[in-house]
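J.: sequence first, then the predicted structure, then my questions.
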Amino acid sequence: MITVGIITVSDKCSRGVRIDESGPAIRETVQNAGWSVSDYTIVPDEADKIQSEMVRMADEENIDLILTTGGTGLAPRDVTPEATMEVIQREIPGLTEAMRVKTMENAPAAILSRSVAGTRGKSIIINLPGSPAAVKENLEAILGVLPHGLEILQGKMGDHAK
């Protein structure tokens, strides 16, 4: 079973001023896919805190799939992509390209998303937008390929295992 870690990036949610709706939207979507959420946290829009949670989930908790929500736009405090680039070892641009193409059909502003996806060790890390609807739409675009990607990354795929 695929294990999932969720990191909600939001100043307001981390202070308790706003209720996180995107993290639960991720939880619902991945659980409907038969995956298990093994970690969930909320952090402010601060690169060091975002990085620290990604590293903890990948390196210490050995979580398969780490999904962030929030901080991928153009606002000055939107630093999730930069934090992610510091943590990942290899980028997977096809995932974010597919997410942008799919969501542009309903929301042309989706092209402004700066989401990043990549690997760290045997984990895949993907940035998702901050709205619950966009989270679901983005995940729908890539959900089907993630098990295969994880099998290859983790050496569970026959000829791909080296």
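T.: Structure received. Numbers count the residues shown, from 1 in each chain.
J.: my read is that residue 30 contacts residue 4, right?
T.: Yes: the pair residue 30 / residue 4 is scored as a contact, 4.9 Å apart, by CB atoms under 8 Å. (Glycine included, C-beta is placed from N, CA and C.)
J.: which one's more surrounded, those two?
T.: Neighbour comparison, residue 30 and residue 4: the larger count goes to residue 4, with 24 against 21 (by other CB atoms under 10 Å).
J.: which elements pack onto the host helix or strand of the more buried one?
T.: Per DSSP states H and E: residue 4 is located in strand 3-9. Judged by 3 or more CB pairs under 8 Å, 6 or more residues apart in numbering; DSSP states H and E, strand 3-9 is in contact with helix 22-32, strand 36-43, helix 47-55, strand 65-69.
J.: and it, which strands flank it?
T.: strand 36-43 (parallel), strand 65-69 (parallel) (DSSP bridges).
J.: buried stuff in the shortest one?
T.: Applying a neighbour-count criterion of 16 or more other CB atoms under 10 Å, the buried positions in strand 65-69 are 65-69.
J.: got it, and stretch 93-113?
T.: Those would be 95-96, 99-100, 103, 110, 113, for stretch 93-113 by 16+ other CB under 10 Å.
J.: make TSV from the residues you listed and add distance to residue 40 and secondary structure to it.
T.: Shown next, in TSV, are the buried residues of stretch 93-113 (distance: CB to CB, whole Å; DSSP: H, G, I helix; E, B strand; the rest coil):
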residue	distance to residue 40	secondary structure
95	21	helix
96	22	helix
99	21	helix
100	25	helix
103	23	helix
110	25	helix
113	22	coil
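J.: with those residues in mind, which one is nearest to residue 132?
T.: Closest approach to residue 132 among the buried residues of stretch 93-113 (CB to CB): residue 103, at 13.1 Å.
J.: residues contacting the residue lying closest to that closest one once chain neighbours are set aside?
T.: Nearest-residue entry for residue 103: residue 110, 3.9 Å, with adjacent residues in sequence omitted and distances by CB to CB, 6 or more residues apart in numbering. By CB atoms under 8 Å, 6 or more residues apart in numbering, the contact list for residue 110 reads 99-100, 103-104, 129, 134.
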